[in-house]
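Novice: From the sequence below, what's the structure:
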Amino acid sequence: MIKAYVETYNRYKYLLYNLISRDFKVKYRRSVLGVAWSMLSPIMMMLILSAVFSKVFRFDVPNWPLYIMAGQTMYSFFNEATTSANYSIVDSAQLIKKVYIPKYLFPIEKTLFAFVNMLFSMIAVLVMLFIFRSPFSWMMLLFPVPLLELLLFTLGFGLILSALCVFFRDLKHLYTIITLAWFYITPIIYPISIVEESWIRYVVYINPLTWYIEYFRILVLYNPADGTLPDLKINIICLAWAVVTFASGMLLFRKTQDKFILHI
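Specialist: Numbers count the residues shown, from 1 in each chain. As a prediction, the model looks like this:
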């Protein structure tokens, strides 16, 4: 099955690149700053969130603005990618009905487009690290690891959503509420340590985004002076969520894709 997907990808990879390029042109059309908005947006969100929540809460978190910025940037990628992937098949119904195109290319393209946007946003994160004079460590060079694992997790989740949305159109509207709740159960504007022992703490810990964001923060913000790598636990959890979710997404999509034409 994997070999078949690889062969199909090689055959249609130029179409995938063209779809990503089209989305870039549409998003930044007639924009004065263009792609620079991808770098300015996380900085502006960091300033707003840190200004508001620094007055409301008093958290003993070093580099509080950067703490928020790292979490917000990764969550924004996940939110944008999965929201777009959610209705990617439905929105491409006319094209799917006219010509044969591997249907999984549509949710994958939306996810990769959002990932490229996040990479531009990460440039802003690196700039702010320099401005805040965050200490450099060789561990910071490993920051692509949690990003790629998050990408794999998001690809799988996007495939699941895109398949389900074909049969349950209400998911398109329900998902907006789900992502809002997901934001608050992810330690973006608060540290995990403040969550008391209760069912809420349990929910925060089973949230995959908690681990990806924490992994990234360990490498980029905390970077211990002794160069100690993140422990085995967080590596296993992040990789397991990514592999299982991606495999589940591909399996569900493959089993349901032949029925899409009857519902779109």
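
Novice: Give me the secondary structure label for Pro230.
Specialist: coil (DSSP: H, G, I helix; E, B strand; the rest coil).

Novice: Tally up the residues packed near Thr252, please.
Specialist: One correction, residue 252 is Leu, not Thr. For Leu252, the count of nearby residues is 16 (other C-beta atoms under 10 Å). The C-beta positions use only the backbone N, C-alpha and C, and glycine is treated the same way.

Novice: quick one: buried residues of whichever strand or helix holds it?
Specialist: Leu252 belongs to helix 232-256 when assigned by DSSP states H and E. For helix 232-256, the neighbour count (16 or more other C-beta atoms under 10 Å) marks 234-235, 237-238, 241-242, 245-246, 249-250, 252-254, 256 as buried.

Novice: Return the list of helices and strands in contact with it.
Specialist: Secondary-structure packing of helix 232-256 (3 or more C-beta pairs under 8 Å, 6 or more residues apart in numbering; DSSP states H and E): helix 144-167, helix 208-217.

Novice: repeat that for 10 Å
Specialist: Counting contacts by 3 or more C-beta pairs under 10 Å, 6 or more residues apart in numbering; DSSP states H and E, helix 232-256 is packed against helix 2-27, helix 105-131, helix 144-167, helix 199-206, helix 208-217.

Novice: thinking again about what came up before, so which of the buried residues of helix 232-256 sits lowest on pLDDT?
Specialist: By pLDDT, Arg254 ranks lowest within the buried residues of helix 232-256, coming in at 89.

Novice: just checking, that residue touches Phe260?
Specialist: No: the pair Arg254 / Phe260 is not scored as a contact, 11.6 Å apart, by C-beta atoms under 10 Å.

Novice: Overlap of the contact sets of the two?
Specialist: Residues touching both Arg254 and Phe260 (C-beta atoms under 10 Å, 6 or more residues apart in numbering): 103, 163.
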